[in-house]
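Visitor: kindly return the folded structure for what I paste below:
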Amino acid sequence: QVQLVESGGGLVQPGGSLRLSCVLSRRTVSIYRMAWFRQAPGKEREFVATITWTSGNTIYDDSVAGRFTISRDSAQRTVYLQMNSLKPDDTAVYYCAAKTRTSGGYSQEGAYDYWGQGTQITVSS
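Guide: Predicted coordinates:
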């Protein structure tokens, strides 16, 4: 069983930056891909970004490309989401997710096996 613990959420003004962290609770040998999703009030959870654990290949949703950066530190068993130029539309609960299978997609919730508890990001002046 893998547990994911997110941190780094909070309130930030438009144009500001935040960095989220997601720590994996145990050995990551079976992890193929990590991702960040978000869910705004009244909306469905949506894909934000993903990174493969071994090779570090990344993919971003168009809404965050060029502003957000996903990265990982294998030694620390941690995945990060650096968020710059934040907008009010980025307000949501952000979730970290882990995928063990190499098959299947990367942007669908059902492709992921483990989830964190979520951390709130509020972008407001």
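Visitor: quick one, strands of the chain?
Guide: 4-7, 10-12, 18-24, 33-39, 46-52, 58-60, 68-73, 78-83, 92-99, 114-115, 119-123 (DSSP state E).
Visitor: paired strands for the fourth one, with orientation please.
Guide: Spelled out, it's strand 33-39. strand 46-52 (antiparallel), strand 92-99 (antiparallel) (DSSP bridges).
Visitor: so who does Arg19 touch?
Guide: Residues counted as contacts of Arg19 (Cβ atoms under 8 Å, 6 or more residues apart in numbering) are Gly8, Tyr80, Leu81, Gln82, Met83. (Each C-beta comes from the backbone N, C-alpha and C, glycine too.)
Visitor: and if we set it to 7 Å?
Guide: When contacts are counted by Cβ atoms under 7 Å, 6 or more residues apart in numbering, Arg19 touches Gly8, Tyr80, Leu81, Gln82.
Visitor: burial count for the third one?
Guide: The local packing count at Leu81 equals 27, with neighbours defined by other Cβ atoms under 10 Å.
Visitor: and what of the last one?
Guide: Each residue near Gln82 was counted by other Cβ under 10 Å, and the total is 14.
Visitor: give me the beta-bridge partners of the residue most central in space within the chain?
Guide: In the chain, the C-alpha nearest the mean C-alpha coordinate belongs to Trp36, at 2.0 Å (Cα atoms, centre = their mean). On the basis of DSSP bridges, Trp36 is bridged to Ala49, Cys96.
Visitor: ok, which of the strands of the chain comes nearest Ser107?
Guide: The closest approach between Ser107 and any of these, judged by Cβ to Cβ, belongs to strand 46-52 at 3.9 Å.
Visitor: in that closest one, what counts as buried?
Guide: Of all the residues in strand 46-52, those buried under the rule 16 or more other Cβ atoms under 10 Å are Phe47, Val48, Ala49, Thr50, Ile51, Thr52.
Visitor: same thing with stretch 113-122?
Guide: Neighbour counts over stretch 113-122 (16+ other Cβ under 10 Å) mark Tyr114, Trp115, Gly116, Gly118, Thr119, Ile121 as buried.
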